[in-house]
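**Student:** Coordinates for the following, if possible.
(one chain, ligands or ions: 1)
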Amino acid sequence: FPPIPTASPTVRATRESSSSPLSSSSSASSSSPTRRGNCHAEVRQAAEMAASGEFKNKSELRVFESTDELATDLAEYISQLSENSVKESGCFTIALSGGSVISFMGKLCEAPYSKTVDWTKWYVFWADERAVAKNHVDSNYKLTKDAFLSKVSILNSHVFSINDHVTVEDAAGEYEFAIRQLVKIRTVGVSERNDCPRFDLILLGIGPDGHVASLFPHHPALELKEEWVTYITDSPKPPPERITFTLPVINSASNVVIVATGEEKAMAANLAIAGSKENSDSSSLPARMVQPTDGKLVWFLDSAAASAREVSNGGSENAM
Ligand SMILES: O=C(O)[C@H](O)[C@@H](O)[C@H](O)[C@H](O)COP(=O)(O)O
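**Tutor:** Coordinates of the predicted model:
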């Protein structure tokens with residue numbers, strides 16, 4: 001499949017619903033006419049890519065020339081979601097992943113967001129967490145605290161991390177119980193379709209194998225329908241023991257963002273977005289299973305992650 005072209009950050013491909021033709025929009029931008037002209041063609045191609053992914057509901061593909069542009073647009077997007085959620089429900093519930101995606105939250109710690117976001121209304125969760133001490137270098141809590149939480153005025157009582165003094169199985173059970181209590185008192189919304197928690201935003205990275213959160217290809221955790229939080233002890237990405245949201249919870253969110261940067265994510269991102277008739281594995285790619293039922297999925301890619309070329313021979317495919 002052709003590469004997803006790089007468009008200017010103000011130009012993006014959107015898909016309103018599985019029935020309507022894919023519309024591509026370019027907001028009034030300062031980009032030069034030639035740039036805008038090129039971008040339209042690129043966005044149309046990107047939009048066709050997104051369409052071929054049989055995206056359900058509302059999905060959007062944003063491709064940026066640099067990670068700095070990506071981080072700037074992501075900060076604006078999250079701050080808008082926060083403002084809308086606080087207006088609608090009085091709070092903003094966000095679940096984070098680990099890895100480099102946290103580094104792209106940094107712009108939110110700077111002006112204007114540091115002063116304009118109502119941080120006291122934020123409730124922070126983790127879509128997945130490693131079963132290590134919270135001060136361990138592998139802890140997503142530590143990563144998030146050092147890079148983000150320590151720089152904004154989110155209330156400690158609104159930060160829900162796992163219990164790092166129990167087994168990974170108990171940590172998963174306790175985390176699910178805590179979220180169930182918050183759904184009961186409506187701090188966390190609930191899906192109208194099922195009893196799943198409906199987070200305002202779930203922010204995901206993606207692995208080269210197409211994993212999201214700690215849901216890895218062909219893992220039984222992908223089949224779970226009732227559990228909200230599960231645990232694994234055999235993560236192909238170290239450390240082995242992790243808790244993770246299940247797909248029903250991820251797909252019940254109002255908004256999901258998947259951030260993919262760098263060449264090593266290009267194949268997984270393209271398989272997840274565009275699928276591939278040649279590669280039947282693409283349907284079992286966890287990132288491709290992220291299709292919010294009544295929510296919006298937005299992909300944030302840099303040009304490197306949007307650059308995968310059609311695999312000319314099976315052997316060169318990443319381990320999916
Ligand atoms: O705890 C984890 O390991 C993450 O939640 C995981 O899903 C991560 O987001 C991806 O592996 C991408 O990580 P990088 O962006 O660092 O490659």
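**Student:** What ranges does this protein have for its helices?
**Tutor:** 33-52, 67-89, 113-116, 140-147, 168-184, 247-250, 266-274, 286-289 (DSSP state H).
**Student:** Which residues of the stretch 201-320 of the chain lie near the ligand?
**Tutor:** The stretch 201-320 of the chain comes close to the ligand at residues 205-207, 211-214, 237, as judged by Cβ under 6 Å from any ligand atom. The way it works is simple: take the backbone N, C-alpha and C, and place the C-beta from them, glycine included.
**Student:** which among those end up buried?
**Tutor:** 205-207, 211-214 (16 or more other Cβ atoms under 10 Å).
**Student:** Tell me the one of the residues you listed nearest Ala306?
**Tutor:** Minimum distance to Ala306 across these is 12.6 Å, recorded for Ile206 (Cβ to Cβ).
**Student:** residue contacts, the closest one?
**Tutor:** Applying Cβ atoms under 8 Å, 6 or more residues apart in numbering, we find Ile206 in contact with 212, 258-260, 265, 268-269, 272, 287.
**Student:** Residue of the stretch 101-250 of the chain nearest the ligand, please.
**Tutor:** Residue of the stretch 101-250 of the chain nearest the ligand, by Cβ to the nearest ligand atom: Gly205 (2.6 Å).
**Student:** quick revisit: may I see the buried ones among the residues of the stretch 201-320 of the chain next to the ligand organised as a markdown table, with pLDDT added?
**Tutor:** As requested, these are arranged in a markdown table below (pLDDT from 0 to 100):
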| residue | pLDDT |
| --- | --- |
| Gly205 | 98 |
| Ile206 | 98 |
| Gly207 | 98 |
| His211 | 98 |
| Val212 | 98 |
| Ala213 | 98 |
| Ser214 | 98 |
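**Student:** Which pair of those residues spans the longest distance?
**Tutor:** The distance between the two most remote of these (Cβ to Cβ) is 12.2 Å, for Ile206 and Ser214.
**Student:** hmm, back to that, most neighbours per residue, which of the helices of the chain?
**Tutor:** helix 266-274 (a mean of 26; mean count of other Cβ atoms under 10 Å).
**Student:** That helix - contacts with which helices or strands?
**Tutor:** Using 3 or more Cβ pairs under 8 Å, 6 or more residues apart in numbering; DSSP states H and E, the elements in contact with helix 266-274 are helix 33-52, strand 255-260, helix 286-289, strand 296-302.
**Student:** Give me the nearest residue to Leu108, chain neighbours excluded.
**Tutor:** Distances taken as Cβ to Cβ, 6 or more residues apart in numbering place Ala75 nearest to Leu108, at 4.8 Å, with adjacent residues excluded.
**Student:** Enumerate every residue touching the nearest residue to Lys237 once chain neighbours are set aside.
**Tutor:** What sits nearest to Lys237 in space, not counting adjacent residues and going by Cβ to Cβ, 6+ apart, is Gly207, at 6.2 Å. Neighbouring residues of Gly207 by Cβ under 8 Å, 6+ apart: 216, 237, 265, 268.
**Student:** Pick out the most distant pair among these.
**Tutor:** Top of the distance list for the contacts of Gly207 (Cβ to Cβ): Phe216 and Lys265, 15.0 Å.
**Student:** These two: which has the busier surroundings?
**Tutor:** Between Phe216 and Lys265, counting by other Cβ atoms under 10 Å, Lys265 is the more crowded of the two (27 against 21).
**Student:** From Lys134, how far out is that one?
**Tutor:** 27 Å (Cβ to Cβ, to the nearest Å).
**Student:** Then Asn251?
**Tutor:** 28 Å.
**Student:** out of those two, which sits in the more crowded spot?
**Tutor:** Asn251 (23 against 15).
**Student:** separation between the more buried one and Phe245?
**Tutor:** In terms of Cβ to Cβ, Asn251 sits 10 Å off from Phe245.
**Student:** So Tyr141 sits against Phe160, correct?
**Tutor:** No - assessed by Cβ atoms under 8 Å, Tyr141 is found out of contact with Phe160, at 9.9 Å.
**Student:** and for those two, which residues touch both?
**Tutor:** In contact with both Tyr141 and Phe160: Trp126, using Cβ under 8 Å, 6+ apart.
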